[in-house]
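Engineer: build me a structure from this.
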Amino acid sequence: MNKNALLDVAVLGASGYVGRELLGLLDKHRGVRVVTATSESESRVDGVRTVPLAEVVERWAPVDALFSCLPHGVSGQRSVWAQDRGARVVDLSADLRLSSTAVYGLTEVARPSLGAAGLVANPGCYPTVTLLGLIPLASAGLIDTDRPIIVDAASGVSGAGRSPRRELLFGEVAEDFRAYGAGNTHRHLPEILAGLRPHAGDLDLVFTPHLLPVRRGILATMHVPVADGMDVTQVQRLFTNAYADEPFVRFLPHRLPTLRDVVHRNLVAIGVVPVAQVRRPMITVVAAIDNLTKGAAGQAVQNMNVMFGLPETQGLAC
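Structural biologist: Numbering: from 1, shown residues only. Next up, the predicted model:
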């Protein structure tokens, strides 16, 4: 492919929160042009003309890259379908994340595999923030796997999608804060464990998500059992070295991150503190992302950039 040529890009499912975020990022990207976008409910999305998915299927026109933001249960099969027709695909649903048919696209980990990938499964928002907060400790062998990791993560309401639901109305969410998927039942838990396994083997992790009365952003608080003799200076040095060359990961050595550090940016911000008054050593890792950018559309563009040999930061704010 001519390095100076624009990539022809398709976006399936352009009218949801993630699809809209993706169109906005691609509009500012100097290396692509959106030639196809689909929606079942709107004829235009942020100035981009859309067509029903059936029309794309019936009148397939080849593209270089395709992003599928379709619902879970539908997206994966359409992604494979598009790959079979010559497109290189980033699937943003959960359908292929635990499948051997796709590269799991946590960019900071998967980068060596992305250049040759034809199909990439974009990670979920909760797994992205959790894995990037835990992998340095896991890779260094510093997690005490005889004790569970406790993760409490809170997300803005856009993480639940754009379809109308009573429990997500403003009057239901405002001035409230609630846990859901309690009891270690959330659908992202297997994805998180699968992402940690190559670095730490089998371990126990208790994951409890919460709904924040804000539009976007995730703050994850992770209580991690560590080996005896561990001190916070050693952990800070570990994170600093692990992410020194990563444009979209920022370690904060002197404070903990907040949502204001990351909203509207393709960035993970991480901080650590020691845990006092416990009998066995632990540290608390706090990590923040924007669920719509680094947790979804931004990471998808980051993956596309690596797949096609473009500058990894092109079209993205860090």
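Engineer: which parts of the stretch 151-300 of the chain are helices?
Structural biologist: Shown for the stretch 151-300 of the chain, the helices assigned by DSSP state H, counting those that start in this stretch span residues 170-173, 189-200, 232-242, 298-307.
Engineer: any idea which of those helices is most buried?
Structural biologist: When you average the neighbours per residue for each of the helices of the stretch 151-300 of the chain (mean count of other Cβ atoms under 10 Å), helix 298-307 leads with a mean of 27. Any C-beta I mention is one placed from the backbone N, CA and C, and that applies to glycine too.
Engineer: now do the buried residues in stretch 258-277.
Structural biologist: Across stretch 258-277, burial judged by 16 or more other Cβ atoms under 10 Å covers Leu259, Asp261, Val262, Val263, Arg265, Asn266, Leu267, Val268, Ala269, Ile270, Gly271, Val272.
Engineer: and it, average pLDDT?
Structural biologist: Average pLDDT, stretch 258-277: 97.
Engineer: so that it lines up with my notes, have the first residue be 37 from now on.
Structural biologist: Sure, I'll start numbering at 37, so the last one becomes stretch 294-313.
Engineer: that older thread, out of the helices of the stretch 187-336 of the chain, which is closest to Gly60?
Structural biologist: Judged by Cβ to Cβ, the one of the helices of the stretch 187-336 of the chain that comes nearest to Gly60 is helix 334-343, at 10.2 Å.
Engineer: what's the span of stretch 283-290, first residue to last?
Structural biologist: For stretch 283-290, the first-to-last residue distance is 19 Å (Cα to Cα, to the nearest Å).
Engineer: how distant is the longest helix seen in the chain from the center of its chain?
Structural biologist: For the chain, the helix that runs over the most residues, judged by DSSP state H, is helix 161-175. Centre-to-centre, helix 161-175 and its host chain are 11 Å apart (Cα atoms, centre = their mean, to the nearest Å).
Engineer: now swap in stretch 231-246 and tell me
Structural biologist: With Cα atoms, centre = their mean as the basis, stretch 231-246 stands 16 Å off its chain's centre.
Engineer: in strands, which of the buried residues of stretch 294-313 fall?
Structural biologist: The members of the buried residues of stretch 294-313 that map onto strands under DSSP state E are Val304, Ala305, Ile306, Gly307, Val308.
Engineer: what are the C-alpha coordinates of the helix or strand harbouring Phe103, in PDB please?
Structural biologist: Assigned by DSSP states H and E, Phe103 belongs to strand 101-104. Below are the C-alpha coordinates for strand 101-104, written out as PDB (Å, rounded to 0.1, in the frame of the first residue of the first chain):
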ATOM      1  CA  ALA A 101     -10.000  -1.100   7.500                       C
ATOM      2  CA  LEU A 102     -13.300  -1.800   9.200                       C
ATOM      3  CA  PHE A 103     -14.400  -1.100  12.700                       C
ATOM      4  CA  SER A 104     -17.400  -3.000  14.000                       C
END
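Engineer: partners of it, with directions?
Structural biologist: Using DSSP bridges, the strands paired with strand 101-104 are strand 43-48 (parallel), strand 124-127 (parallel).
Engineer: okay, those strands in CSV with mean pLDDT and distance to Thr244 next?
Structural biologist: Shown next, in CSV, are the strands paired with strand 101-104 (pLDDT from 0 to 100; distance: least, Cβ to Cβ, whole Å):
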stretch, mean pLDDT, distance to Thr244
strand 43-48, 98, 32
strand 124-127, 98, 27
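Engineer: of the ones you listed, which stretch is the most buried?
Structural biologist: Compared across the strands paired with strand 101-104, strand 124-127 shows the largest average neighbour count, a mean of 28 (mean count of other Cβ under 10 Å).
Engineer: understood, closing this out.
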